[in-house]
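# Attaching a predicted model along with its sequence, questions to come.
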Amino acid sequence: MARRINPKAVSPVLPSREQILAFVAETPGKVGKREIAKAFGISGADKIGLKAILKEIEADGALERDRGGLRKGGSLPPVVLADIVSRDRDGDLIARPAQWDGEGEAPKIAVDVPRGGKGNRPAPGIGDRALVRVAPDPDAPGRYTGRVIKVIGKNRSEVIGVYRAGREGGRLLPVEKKSQGKEIAIPPGEEGEARDGDLVSVAVERETRFGLPRGRVTERLGALGSEKAVSLIALHLHNIPHVFPAAVLAEADAAKRATKRGREDWREAPLVTIDPPDAKDHDDAVMAELDPDPANAGGFIVTVAIADVAAYIRPDSALDREALLRGNSVYFPDRVVPMLPERISNDLCSLREGEDRPALAVRMIIGADGVKRSHSFHRILMRSHAKLAYAQAQAAIDGQPDEKSGPVLETALRPLYAAYEAMKRARDARGPLALDLPERKVLLNAEGGVDRVIVPERLEAHRLIEEFMIQANVAAAETLEKAGSPLIYRVHDEPALEKMRALGEVLASVGVKMTKAGALRPDLFNRILAQVAESEHAPFINEVVLRSQAQAVYAAQNLGHFGLNLRRYAHFTSPIRRYADLIVHRALVRACGLGKDGLLADTTPGLLDAVSEQISAAERRAMAAERETIDRLIAGYLADRVGATFSGRISGVTRSGLFVKLAETGADGFVPVSTIGHEYYRHDEALHALVGDRSGETYRLGDTVEVRLVEAAAVAGALRFEILSEGRSRSGAKGGGIKRSGSKVNPGKAKPGKAKFGAKPSKGKARPGKAAASESDAARRHRGSRR
């Protein structure tokens, strides 16, 4: 609101130039002629004189006018469109106005990253363009502080790519798939510190009607020939924070080990950790025993102990702010980008074998029928009695214990498996969604290239840990709901009506009828999957059912978890690598009276709603980065096999072509529709198919096909195929031949990608195998971690 000036304190008629400038500079909000006249008590004919003075000041450049009114020359308006360009030494985001007509360099804006509030304020990242409300920084003249009103999108004038030096300047090869072939010229002198083969960020400065657009290298991000170069692309492309600020590291280094004070001593309890063999941080330990209570004959007491991260990460500390910014750890085949510094994640909080560690444990009473009867939470000091790998634990139960698993076989492993047998019956009765989509894992060689791609065996040990974690997560949600505490749920909504209609059409095309009566439950999909399990349609239907599902997200309001068929669910079991779990831990500490370092008393559902949106976005970002990194690794792995033929399955259908997932590696590539046959193919969205207008030849989602590799662009992670198989006939029967002569592509003209990663496999035809989703197994430490 404009301040009112006492008219007697100024000129009897009009204010001076200095008074006007001071008023404009000190008044927040819109300032125009009306506000100035009201403040200085100017009315009638005197307004004409005021208008003349304002024109003179504007002509001198001391005042500038925009849609928000007048402002002091060389300053920013209250709301500005800004590009977030970097971070300062403390890790805070720095933005600059998208347009700046003032003298000198555009001012810096220190962006306040939201922790929540009334609305669902967005979480910005480097490369974003945002609408920002700014104010001068009182501690740093010429700088501003800002709060994001709305993230508009990416600043498309900034492009990340590989710099290729030339005789006169150089060129940028963009790394995004959609920008393939759209090179950017870098004139001499505009390459900065970039060297040939470097990953760089380029500001696109000019586009012309003819020739390449021109750009200027603004930052050298790293060398692609270096170790861990593949994931480096994804880190910068998705603006994933991967370097901890000094203040965060200092706080981690200063952390003192938690003691037994205020904790129950559970160090003699036979808790063990069961993880992947390459796991570095161990955030969960488990144990089970027969329940001695006669009222629960044949039942069990199951304990899940989780690293007590809340004991080290205080709300609104530097560590906490950085953890929220990251949202979760990101797992690449060649590196892990942790949510917390190594001092916390791999040392103080990791439940190492034989070492005392603080934990938050849930003790669950399980009936003989496998149903959880009751539970309680405890803050404990524990000591892991064994560090086991999944295969190690399974081998011991199967009669092949080793020196590590043998000593805990009777005290820990057999009781765990006995309790799981009961819990498995309850799980089967509950009927969670049971999709058959095996995961692939990329194994690297010593040079950082792809050694091979495997489908890890799914063991009972994996299922045991998964079910224990699910029940612990349910217990956390139930406890917090009963206490009336705000919390972050893991929610998975039921499929949308339009997706169900589309699924019904697809099922009808393969002779499967979908029951429409009754409430929508996972069992409906499980019956469909069981019906086609032994047929040629099984992979296709599994894919279609998966695509019909909503995406699981975090939210402060409970919607239930459709896929797990649970009324309430929260993530509690992985606070080392998920911020949502840390919030749940703090809420439990406060709700159960387990200490003074719990959730802050003023935490509201509104604040947690904003945090939920931010960490859900961070999770999607991580999944995209992990997927794209695997695409790049495998494209480099296949770069020397251009011209080779592969077995695969159609994994996607669009009007522009087919996506094919290779059986050998799980890699996805594209077949342009213009290269299929000699007729026009239309996209039948309901059938997930491309159909020839003249012949009716059909290529449908899930069909097995033979393809030839035409091009492999490793930097972009893009593969292009030529389809060799005939499609289905009008009757729906699969083609019986190979249409090698029907291709519109000349494979002899194909060129492999210039930049490639990985080993050079022998040439030849690929070995067929199961089609599956290619995602880092480490990212799903326990199956269902992203449920």
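It's in. From a predicted model like this one, the values you see are computed outputs, not experimental measurements. Numbers count the residues shown, from 1 in each chain.
# Verify the contact between Leu724 and Thr704 for me.
No: Leu724 is beyond contact range of Thr704, at 11.8 Å (criterion: Cβ atoms under 8 Å). Where C-beta positions appear, they are placed from N, C-alpha and C, glycine not excepted.
# Give me the distance from stretch 615-627 to the chain's centre.
Centre-to-centre, stretch 615-627 and its host chain are 1 Å apart (Cα atoms, centre = their mean, to the nearest Å).
# Hmm, Pro338 is touching Cys349, no?
No: contact criterion Cβ under 8 Å: Pro338 and Cys349 do not qualify, at 11.0 Å.
# list the residues that contact both of those two?
281, 576 (Cβ atoms under 8 Å, 6 or more residues apart in numbering).
# Looking at those two, which has the bigger crowd around it?
Shown here are Pro338 and Cys349; by other Cβ atoms under 10 Å, Cys349 has more neighbours (28 against 22).
# Name the nearest residue to that one, ignoring sequence neighbours.
Of all residues not flanking Cys349 in the chain, Ala307 sits nearest, at 4.2 Å (Cβ to Cβ, 6 or more residues apart in numbering).
# what about that neighbour, how many residues close to it?
Residues near Ala307, counting by other Cβ under 10 Å, number 29.
# Now it, what are its backbone angles?
The phi/psi pair for Ala307 (degrees, to the nearest 10) reads phi -50, psi 130.
# ok, it to Arg343 distance?
As judged by Cβ to Cβ, to the nearest Å, Ala307 and Arg343 stand 14 Å apart.
# buried sites along stretch 274-283?
Within stretch 274-283, the residues that qualify as buried are 274-276, 279, 281-283, counting by 16 or more other Cβ atoms under 10 Å.
# for those residues, which one is nearest Glu421?
Distance to Glu421, by Cβ to Cβ, is smallest for Ile274 among the buried residues of stretch 274-283, at 16.3 Å.
# longest helix anywhere in this structure?
When the chain is parsed with DSSP state H, its longest helix is helix 605-637.
# Give me the mean pLDDT for it.
The average pLDDT within helix 605-637 is 90.
# go on, stretch 99-119?
67.
# what's the answer for stretch 322-339, then?
94.
# dump the residue contacts of the residue nearest to Cys349.
Ala307 neighbours (Cβ under 8 Å, 6+ apart): 282-284, 349-351, 357-360, 575-576.
# one more time with 7 Å
Counting by Cβ atoms under 7 Å, 6 or more residues apart in numbering, Ala307 touches 283, 349-351, 357, 359, 575-576.
# same question, Cys349
283, 307, 309, 312, 576.
# ok, now Ser695?
By Cβ under 7 Å, 6+ apart, the neighbours of Ser695 are Glu679.
# To which secondary structure element is it assigned?
For Ser695, there is no enclosing helix or strand under DSSP states H and E.
# Kindly export stretch 582-595 (C-alpha atoms) in PDB.
Provided in PDB are the C-alpha atoms of stretch 582-595 (Å, rounded to 0.1, in the frame of the first residue of the first chain):
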ATOM      1  CA  LEU A 582      12.500 -38.800   6.900                       C
ATOM      2  CA  ILE A 583       9.300 -36.800   7.400                       C
ATOM      3  CA  VAL A 584       7.500 -40.000   8.500                       C
ATOM      4  CA  HIS A 585      10.200 -40.700  11.000                       C
ATOM      5  CA  ARG A 586      10.000 -37.300  12.500                       C
ATOM      6  CA  ALA A 587       6.200 -37.600  12.700                       C
ATOM      7  CA  LEU A 588       6.500 -40.900  14.500                       C
ATOM      8  CA  VAL A 589       9.100 -39.500  17.000                       C
ATOM      9  CA  ARG A 590       6.700 -36.700  17.900                       C
ATOM     10  CA  ALA A 591       3.400 -38.800  17.800                       C
ATOM     11  CA  CYS A 592       4.900 -41.600  20.000                       C
ATOM     12  CA  GLY A 593       6.800 -39.300  22.400                       C
ATOM     13  CA  LEU A 594      10.200 -40.800  21.400                       C
ATOM     14  CA  GLY A 595      12.200 -37.600  21.700                       C
END
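# in it, what's buried?
So stretch 582-595, judged by 16+ other Cβ under 10 Å, has buried residues 582-592, 594-595.
# Can you give the contact residues for that stretch?
With Cβ under 7 Å, 6+ apart, stretch 582-595 has contacts from 262, 309-310, 313, 323, 360, 377, 379, 476, 479-480, 483, 485-488, 570-572, 575, 597-599, 608, 611.
# and if you look at stretch 489-509?
Counting by Cβ under 7 Å, 6+ apart, residues outside stretch 489-509 touching it are 477, 514, 520, 528, 544-545, 548-550, 552-555, 558-563, 568-571, 686-688, 787.
# Would you mind listing the buried residues in that stretch?
489-495, 502-504, 506-507, 509.
# Buried ones among the contacts of stretch 582-595?
309-310, 313, 323, 360, 377, 379, 476, 479-480, 485-488, 570-572, 575, 597-599, 608, 611.
# taking those residues one by one, which sit in helices?
Reading helices off these with DSSP H, I get 323, 476, 479-480, 608, 611.
# Can I get these in JSON lines including distance to Asn445?
JSON lines is the format used below for those (distance: Cβ to Cβ, whole Å):
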{"residue": "Ala323", "distance to Asn445": "33"}
{"residue": "Ala476", "distance to Asn445": "41"}
{"residue": "Thr479", "distance to Asn445": "47"}
{"residue": "Leu480", "distance to Asn445": "46"}
{"residue": "Leu608", "distance to Asn445": "44"}
{"residue": "Val611", "distance to Asn445": "40"}
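# Would you check which pair of those lies furthest apart?
Taking Cβ to Cβ as the measure, these have their most distant pair in Ala323 and Thr479, spaced 22.9 Å apart.
# and stretch 539-553, what's its mean pLDDT?
Rounded mean pLDDT across stretch 539-553 is 88.
# Next: stretch 40-52.
pLDDT averaged over stretch 40-52 gives 79.
# In that stretch, which residues have enough neighbours to count as buried?
Result for stretch 40-52 [16+ other Cβ under 10 Å]: buried residues 40, 42, 50.
# so which of the residues you listed comes closest to Ala618?
Phe40 (50.5 Å).
# isn't the closest one right up against Ser16?
No: counting by Cβ atoms under 7 Å, Phe40 sits too far from Ser16 to count as a contact (10.1 Å).
# For Lys387, grab the count of nearby residues.
18.
# Excluding chain neighbours, give the residue nearest to it in space.
Leaving out its chain neighbours, Lys387 is closest to Glu353 (Cβ to Cβ, 6+ apart), at 4.0 Å.
# for the one you found, what are its contacts?
384, 386-387.
# so can I have JSON lines of these showing pLDDT?
Output for those, formatted as JSON lines (pLDDT from 0 to 100):
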{"residue": "Ser384", "pLDDT": "97"}
{"residue": "Ala386", "pLDDT": "97"}
{"residue": "Lys387", "pLDDT": "97"}
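# Select from the residues you listed every entry located in strands.
Lys387 (DSSP state E).
# Looking at the contacts of Glu353, which is nearest Glu176?
Lys387 (41.0 Å).
# Surely the closest one and Thr273 touch.
Yes: the criterion here is Cβ under 7 Å, and Lys387 meets it with Thr273 at 5.3 Å.
# joint contacts of the two?
His282.
# ok so, going back, from the contacts of Glu353, pick the one nearest Ala297.
When the contacts of Glu353 are ranked by distance to Ala297 (Cβ to Cβ), Ala386 comes first, at 29.3 Å.
# I'd guessed the closest one sits against Val408; true?
Yes: using Cβ under 7 Å, Ala386 is in contact with Val408, at 4.6 Å.
# What distance do you get for Leu524 to Gln99?
Where Gln99 is concerned, Leu524 sits at a distance of 54 Å (Cβ to Cβ).
# Neighbour count for the two, which is higher?
More neighbours surround Leu524 than the other of Leu524 and Gln99, with 20 against 9 (other Cβ under 10 Å).
# Contacts only, for that one.
Neighbouring residues of Leu524 by Cβ under 7 Å, 6+ apart: Thr515.
# next helix or strand past the helix or strand where it lies?
Assigned by DSSP H and E, Leu524 belongs to helix 522-532. Going down the chain from helix 522-532, the next helix or strand is helix 538-548, by DSSP H and E.
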